[in-house]
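In: sequence first, predicted model second:
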Amino acid sequence: MTDQPAELASTLDLLVADLNGAPRGKTVQTGALDDGDPPHFVAAAFFQTITGDYAEGCMERYDPKDEDLILRPDWSSYSACPWKPGDHGQVICDSLDKSGASIPYDSRNVLKRILGIYADAGLHPVVAPELEFYLLEPIGQDASALALAPGLDGRAEFGGEAFSADALDKYAPFLDDVKAQGEAAGLPVSAFVHEVGPSQIELNLAHGDPLRRADQLFLLKRLVKACAMRHGYLASFMAKPLDGVPGSGAHLHCSVVDGTGGNIFALKDGRAPAALRHFIGGLQTWLPEAFALIAPNVNSFKRFVPDLSAPINLEWGYDNRTAGLRVPYGPSTSGRVENRVAGADVNPYLLTATTLACGWLGMQDRVEPTQPHEGDAYEAPATLPNDLSQALATLAANGRLADLLSEAFIEVYVDVKRSELQDFQKWMTPWEVRYLGSQL
């Protein structure tokens, strides 16, 4: 555990990620921290749904008294909050029960559990995330649709400016703010890209340790939202916020190094070695079983539309962006696979843990993938799960994933997501009003 920094901000946000990846926690005065009496926090935060309700089954089984848990700051994640007034910092905390054991349904602990399995085998994954989001108009409580935010010219984009450097300039004050605040917070972004959708931006992070990169992504989403609000925007990481334009993805590049620092996914004569093939085979076999973890909302499934920059299957190929799994072009020593399936609404810890867990099972079972897809993978059959209900049923029935990720985590996650699904099904959608209301 990293020692407490010599200099801390006078005010400190103690943070954990709930199952949706949203920041929960408390703000304290740093001088009040006491190693002999660590901060407490409500345990029910991990049973909280996106609506603010609580999954009753989880509460009944794991927290019938609505108790506290212990927060132990992980000082390696400490950073400033330069967008906040005054002397303000933030730190992600380990969540512990009163005996000092890790809370199994904390998504960060789930990732640490998977990384421990790799470490026991003398292996160390390396990842690089890419995250897309839209800049939108702020919305009111009763809003029924989202709208694109205007740029410096006072107009909202209408498309056709994919990968344009000049198009990024329309949002230069916001992007400059994100860059400056990120550097001040120790959360640097390696690149910005104007994506295919209007007002859609991608941010890239450099390759690094999976826990550190998941922490960074978690904190960067918070920073981006704060900067957007300062500039009169809403930064939305919803998977499919608008009709007729691409959804937003969260891509994860993965490689694995051994005890000597050598990349066991390094290409040989431009082709994937056995370890990389088996990892890909594991993704093809197990991602459908774990799909609810990387497509966590009813909206997530609306992103998988042919020819709108999101995959519709788990084909893989060399430098093939139409496939769900891509081995990027580059030096042989940087051999890796890019998981392109998850949406931007994914919990960063669960994106990483799920990808590494499925790949691990593939390497353990020596699963050979399909032949690399050489053409347009949109012409291959769509094979991804159809909806959240189906994905949750599949996840709940999978014993091997529960063994890897923990049975308690799977049970809590499924209960929280089913609670959200039940709430969603109570509400009328604009489609029902428009078509059923007028014609039936």
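Out: Good, I have the coordinates. Values in this document were obtained by computation on a predicted structure and should not be read as measured data.

In: for the nearest residue to residue 398 once chain neighbours are set aside, what are its contacts?
Out: Distances taken as CB to CB, 6 or more residues apart in numbering place residue 289 nearest to residue 398, at 4.7 Å, with adjacent residues excluded. All C-beta spots, glycine's among them, are computed from the backbone N, C-alpha and C. Counting by CB atoms under 8 Å, 6 or more residues apart in numbering, residue 289 makes contact with 394-395, 398, 401.

In: need these in a markdown table (columns: distance to residue 203).
Out: Output for the contacts of residue 289, formatted as a markdown table (distance: CB to CB, whole Å):
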| residue | distance to residue 203 |
| --- | --- |
| 394 | 31 |
| 395 | 29 |
| 398 | 32 |
| 401 | 29 |
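
In: quick revisit: could you look up the SS state of the residue nearest to residue 398?
Out: Recorded secondary structure, residue 289: coil (DSSP: H, G, I helix; E, B strand; the rest coil).

In: from residue 62, how far off is it?
Out: Distance of residue 289 to residue 62, given as CB to CB, to the nearest Å: 24 Å.

In: what about the strands in the stretch 1-150 of the chain?
Out: For the stretch 1-150 of the chain, strands defined by DSSP state E, counting those that start in this stretch occupy the ranges 11-17, 23-29, 40-42, 68-73, 79-80, 88-96, 124-136.

In: picking that back up, per-residue pLDDT of the residue nearest to residue 398, please?
Out: In this model, residue 289 is scored at 96, pLDDT.

In: residue 282 versus that one, what's the distance?
Out: Distance, residue 289 to residue 282, by CB to CB: 11 Å.

In: show me the contacts for residue 276.
Out: Residue 276 is in contact with 264-265, 267, 327, 335-337, counting by CB under 8 Å, 6+ apart.

In: now do the same contact list for the nearest residue to residue 258 once chain neighbours are set aside.
Out: Leaving aside its sequence neighbours, residue 258 sits nearest to residue 264 (CB to CB, 6+ apart; 5.6 Å). Residue 264 sits next to 123, 255-258, 273, 275-276 when contact means CB under 8 Å, 6+ apart.

In: using TSV, please lay out the residues you listed together with secondary structure, distance to residue 164 and pLDDT.
Out: Listed next are the contacts of residue 264 as TSV, based on DSSP: H, G, I helix; E, B strand; the rest coil; distance: CB to CB, whole Å; pLDDT from 0 to 100:
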residue	secondary structure	distance to residue 164	pLDDT
123	coil	40	98
255	strand	31	98
256	strand	36	98
257	strand	36	98
258	coil	41	97
273	coil	38	98
275	helix	38	98
276	helix	34	98
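
In: quick one: residues contacting the nearest residue to residue 156 once chain neighbours are set aside.
Out: In space, and not counting its chain neighbours, residue 156 is closest to residue 148: 3.9 Å by CB to CB, 6+ apart. For residue 148, the contact set (CB under 8 Å, 6+ apart) comprises 134-137, 156-157, 198-199, 242.

In: and residue 175, which helix or strand is it part of?
Out: Taking DSSP states H and E as the criterion, the element that holds residue 175 is helix 172-184.

In: give the phi and psi angles for the residue nearest to the spatial centre of the chain, as a check.
Out: Residue closest to the mean C-alpha point of the chain, counted by CA atoms, centre = their mean, is residue 348 at 2.9 Å. Backbone torsions for residue 348, taken as degrees, to the nearest 10, come to phi -60, psi -40.

In: thought it was touching residue 21?
Out: Yes - applying CB atoms under 8 Å, one finds residue 348 in contact with residue 21, separated by 5.9 Å.

In: overlap of the contact sets of the two?
Out: Joint contacts of residue 348 and residue 21 (CB under 8 Å, 6+ apart) are 218, 221.

In: follow-up on the earlier one: what is the lowest-pLDDT residue among the contacts of residue 289?
Out: Confidence-wise, residue 398 trails the rest of the contacts of residue 289, at 87.

In: now the helices for the stretch 301-440 of the chain?
Out: Taking DSSP state H, counting those that start in this stretch as the criterion, the stretch 301-440 of the chain carries its helices at 348-365, 388-396, 399-405, 407-424, 430-431, 437-439.

In: er, the stretch 101-250 of the chain I mean
Out: For the stretch 101-250 of the chain, the helices defined by DSSP H, counting those that start in this stretch cover 107-120, 165-169, 172-184, 210-230.

In: just send those back as TSV, with mean pLDDT too.
Out: Shown next, in TSV, are the helices of the stretch 101-250 of the chain (pLDDT from 0 to 100):
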stretch	mean pLDDT
helix 107-120	98
helix 165-169	89
helix 172-184	94
helix 210-230	96
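
In: quick one, which of these is nearest to residue 368?
Out: helix 107-120 (21.1 Å; CB to CB).

In: buried sites along the closest one?
Out: Residues of helix 107-120 classed as buried: 107-115, 118 (neighbour count, 16 or more other CB atoms under 10 Å).

In: go on, stretch 149-157?
Out: 149-151, 156-157.

In: give me the domain ranges for the chain.
Out: What automatic domain parsing lists as the domains of the chain is 11-104, 114-405.

In: ends of the first one, what's the gap?
Out: In this case it means domain 11-104. By CA to CA, to the nearest Å, the extent of domain 11-104 from end to end equals 29 Å.

In: about what we covered before: for the residue nearest to the centre of the chain, give me its contacts.
Out: Contacts for residue 348 (CB under 8 Å, 6+ apart) come out as 17, 21, 129, 214, 217-218, 221, 250.

In: number of residues surrounding the residue lying closest to it once chain neighbours are set aside?
Out: Counting by CB to CB, 6+ apart, residue 348 lies nearest to residue 217, which is 4.0 Å off, once chain neighbours are set aside. Close neighbours of residue 217, defined as other CB atoms under 10 Å, add up to 26.
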